[in-house]
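Undergrad: here are the coordinates; sequence isn't available:
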């Protein structure tokens, strides 16, 4: 779907205190960009932020980074964010335009996220396009570079094929699936916040599929163990 150009979006973002204008220089500075030192959660492909605005307003004890490639969409997101917060300042959100495939370049090695949200991303249904999916194994391996051990991925989709494929991608990337459902709204999930697409698809009778998975950290591979043992032997010989 093509996004219409919004002439007002860039000027408004330029004046927005929670918009990151030079994301390429953000690595190593996230602690300075929020008023409070709190856990960081990422919303990838945040779109118009109907989901993120409600979530950030509800959970003031978390710092959120919303990322989308389109500044036109982020202009709408800024308006939605300020409308949700009302007279309150938006202090626990940063919005930015960036290529999610290069997500790891946004963070220094000691900067880690506690959670990543991926809601209703493009399913890229043609076989040749699967690697472009935000939950593809290749992308998950990038996310592992910015997730803290024990960090979680929260995923929602309307697409059954993507839902099933994502379970395979998670296993391939070494994530542990904590829970999954092919009908989220039939579950007892009182804290669920619906995104714009979730509301739209639900109205059409399409069920929301959801997965919560956890990244526990790099496993002890035989190669790594052998190397560490060899180093211990060398140190003992000295």
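TA: That came through, no problem. Note that the structure is a prediction, hence the values are computed from the model and not measured. Residues are numbered from 1 along each chain as shown.
Undergrad: mind checking the SS state of residue 180?
TA: Of the three states, residue 180 takes strand under DSSP: H, G, I helix; E, B strand; the rest coil.
Undergrad: can you name the residues bridging to the nearest residue to it once chain neighbours are set aside?
TA: In space, and not counting its chain neighbours, residue 180 is closest to residue 211: 4.6 Å by CB to CB, 6 or more residues apart in numbering. (Glycine included, C-beta is placed from N, CA and C.) On the basis of DSSP bridges, residue 211 is bridged to residue 155, residue 180.
Undergrad: distance between the ends of stretch 122-135?
TA: One end of stretch 122-135 to the other measures 10 Å (CA to CA, to the nearest Å).
Undergrad: actually stretch 188-208, not the one I typed
TA: For stretch 188-208, the separation between the terminal residues is 13 Å (CA to CA).
Undergrad: what mean pLDDT does it have?
TA: Stretch 188-208 carries an average pLDDT of 94.
Undergrad: before we move on, back to that, which residues touch the residue nearest to residue 180?
TA: 153-155, 163, 166-167, 170, 177, 179-180 (CB atoms under 8 Å, 6 or more residues apart in numbering).
Undergrad: what score does residue 219 have for pLDDT?
TA: Residue 219 carries a pLDDT value of 57.
Undergrad: sorry, that was for residue 6
TA: Taking residue 6 on its own, its pLDDT is 87.
Undergrad: do residue 179 as well
TA: For residue 179, pLDDT reads 96.
Undergrad: next, the contact list for it, please.
TA: Taking CB under 8 Å, 6+ apart as the test, what residue 179 contacts is 211-212.
Undergrad: now do it against residue 50, distance only.
TA: 24 Å (CB to CB, to the nearest Å).
Undergrad: what does residue 106 give?
TA: Shown here: residue 106 relative to residue 50, a distance of 23 Å by CB to CB.
Undergrad: how many other residues sit next to residue 74?
TA: 28 (other CB atoms under 10 Å).
Undergrad: quick revisit: buried only: go through the contacts of residue 211 for me.
TA: Neighbour-count burial (16 or more other CB atoms under 10 Å) is assigned, among the contacts of residue 211, to 153-155, 163, 166-167, 170, 180.
Undergrad: now do the strands in this protein.
TA: Applying DSSP state E to the chain gives strands spanning 40-44, 63-68, 93-97, 113-119, 147-157, 176-181, 209-215.
Undergrad: packing partners for the longest one?
TA: The helices and strands touching strand 147-157, judged by 3 or more CB pairs under 8 Å, 6 or more residues apart in numbering; DSSP states H and E, are strand 113-119, helix 160-173, strand 209-215.
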